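# dropping a prediction and its sequence here:
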Amino acid sequence: MPAYNHAAYIIETIESIRGQTYQNWELVIVDDGSDDNTAETVLKIKDDRIQFYKAGRIGINGKIKNIGLKKSSGEFIAFIDSDDLWAPTKLEKQVTALQQYPEAGFSLTGGYNFEKALNPVDYFYKQREGIQYGEVFISFFKSELSATMPSLMLRKECIDITGFFNESKPFSDVDFILVLARHFKAVILFEPLLYRRLHDANDSNTNWEKGYDEGIRLIRLYKNELPANVSRDAFFRLYMNFGEDCLLHKERRKAMINFLNGWRNKPASIIPLKKIGKTILK
């Protein structure tokens, strides 16, 4: 668990771990230089399974996770952000799935975003039950699966093949999951087992432009490994969504550029033209 200034949420997150039906776990919390009372809050919990490390302010998500990985001793590794929650059966169901599918290197689950506990805003998938097993690399580029780190569980031995998180940029979660998917089969549990908290300090809110830039970079990186229609459609969806977010942030010029980029990928589609028209009218 990477932690940074989430004293208001971290106890609830930890209690969602302590309440797991699967109890054979260790929790490695790596604090990224919090200047609130995160440390004091966590250290009040008396549980020998919880380890708390002060890393100092690093600000690189992958480096924080790598510190935790190197300090962990389990056969299976899962990640959770210090403001999110797990369903009580999350660990048990993923451990069971990975035991049932020994050729799978990792597992992901469904989930939902929330502002108030147990009150879903939206779900990751329309499908909310069932299992998918097999190769999933292309599925991420078809927007069929969500690369959501707190839903991930992997066999620690996979790191011998994939390597650790990229430490050269602030965020590398999606990179890490895509590299896993290039090398290993997966078990997807569509049941909502991750509850992702929405609030103003979410990384996805404060770094929304960087998120899209990273998406474009990843499609370009793997373009030669994807069917042409898959990469084209992935670019199209990303540019359309990026343009809509630019409009929400009152960035009309950027919105126009992204809708035009989307049209270049699918010149036969009228959707970009409609969005360009909407942008002009606004």
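Sure, I can see it. Note that the structure is predicted; figures quoted are calculated from it, not measured.
# right, and the helix or strand after the helix or strand bottoming out on mean pLDDT in the chain?
Ranked by mean pLDDT, DSSP states H and E, the weakest helix or strand in the chain is helix 203-206, scoring a mean of 57. Downstream of helix 203-206, the first helix or strand assigned by DSSP states H and E is helix 208-222.
# how far off centre is that next one?
14 Å (CA atoms, centre = their mean, to the nearest Å).
# next, the buried residues of it.
Neighbour-count burial for helix 208-222 flags 208, 211-212, 214-216, 218-219, 222 (criterion: 16 or more other CB atoms under 10 Å). Any C-beta I mention is one placed from the backbone N, CA and C, and that applies to glycine too.
# which of those lies closest to residue 172?
residue 214 (8.9 Å; CB to CB).
# right, and residue 103 touches residue 186 too?
No - Residue 103 lies out of contact with residue 186 (CB atoms under 8 Å); the separation is 10.1 Å.
# against residue 109, how distant is the most centrally placed residue in the chain?
Nearest to the geometric centre of the chain sits residue 148, at 2.5 Å (CA atoms, centre = their mean). Plainly put, residue 148 is 8 Å away from residue 109 if you go by CB to CB, to the nearest Å.
# common neighbours of these two, please.
Counting by CB atoms under 8 Å, 6 or more residues apart in numbering, the residues touching both residue 148 and residue 109 are residue 194.
# now do the host helix or strand of residue 192: which elements does it pack against?
Assigned by DSSP H and E, residue 192 belongs to strand 185-197. Under the contact definition 3 or more CB pairs under 8 Å, 6 or more residues apart in numbering; DSSP states H and E, strand 185-197 sits against strand 85-86, helix 90-100, strand 104-116, strand 131-134.
# redo that, cut-off 10 Å
If you count contacts as 3 or more CB pairs under 10 Å, 6 or more residues apart in numbering; DSSP states H and E, strand 185-197 packs onto helix 10-18, strand 85-86, helix 90-100, strand 104-116, strand 119-123, strand 131-134, helix 137-141, strand 153-155.
# pull the distance from it to the chain's centre.
Taking CA atoms, centre = their mean, one finds the center of strand 185-197 at 11 Å from the center of the full chain.
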